[in-house]
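Asks: Just need the structure, nothing else, for what follows:
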Amino acid sequence: MRFRSPHREPPEINLIPFIDVLLVILIFLMLSTTYSKFTELQITLP
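Replies: Predicted structure coming up:
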């Protein structure tokens, strides 16, 4: 008896979750850098 091997499609990378993660990281970095500008300490050195 001869069995046929199932046709497997080659694995591929899903780009949509990757783009979502990159956008979240980008938004986090943008917000954290703008927040850090407002929280700087005003120090006058002698």
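
Asks: Next, give phi and psi for Leu22.
Replies: Per-residue torsions, Leu22: phi -60, psi -40 (degrees, to the nearest 10).

Asks: Actually, Pro17.
Replies: When read as degrees, to the nearest 10, the backbone of Pro17 gives phi -60, psi -30.

Asks: same question, Leu29
Replies: Torsion angles, degrees, to the nearest 10, at Leu29: phi -70, psi -40.

Asks: Kindly tell me how buried it is, as a neighbour count.
Replies: The local packing of Leu29 (other C-beta atoms under 10 Å) involves 10 other residues. For glycine as for every other residue, the C-beta is placed from the backbone atoms N, C-alpha and C.

Asks: Listing request: residues of this structure with sub-threshold pLDDT.
Replies: Where the chain drops to pLDDT under 70, the residues are 1-2, 34-41.

Asks: can we see that at 80?
Replies: Applying pLDDT under 80 to the chain picks out residues 1-6, 13, 33-46.

Asks: can you pull out the helices in it?
Replies: Here the chain has its helices, by DSSP state H, at 15-38.

Asks: measure Pro11 to Arg4 for me?
Replies: Distance from Pro11 to Arg4, counting by C-beta to C-beta, to the nearest Å: 21 Å.

Asks: Please read the previous query as pertaining to Ile43.
Replies: The gap separating Ile43 from Arg4 is 75 Å, by C-beta to C-beta.

Asks: Repeat that for Gln42.
Replies: For Gln42, the distance to Arg4 - C-beta to C-beta - is 75 Å.

Asks: Gln42: how many residues sit nearby?
Replies: 4.

Asks: Next: Glu12.
Replies: By other C-beta under 10 Å, the residues close to Glu12 number 6.
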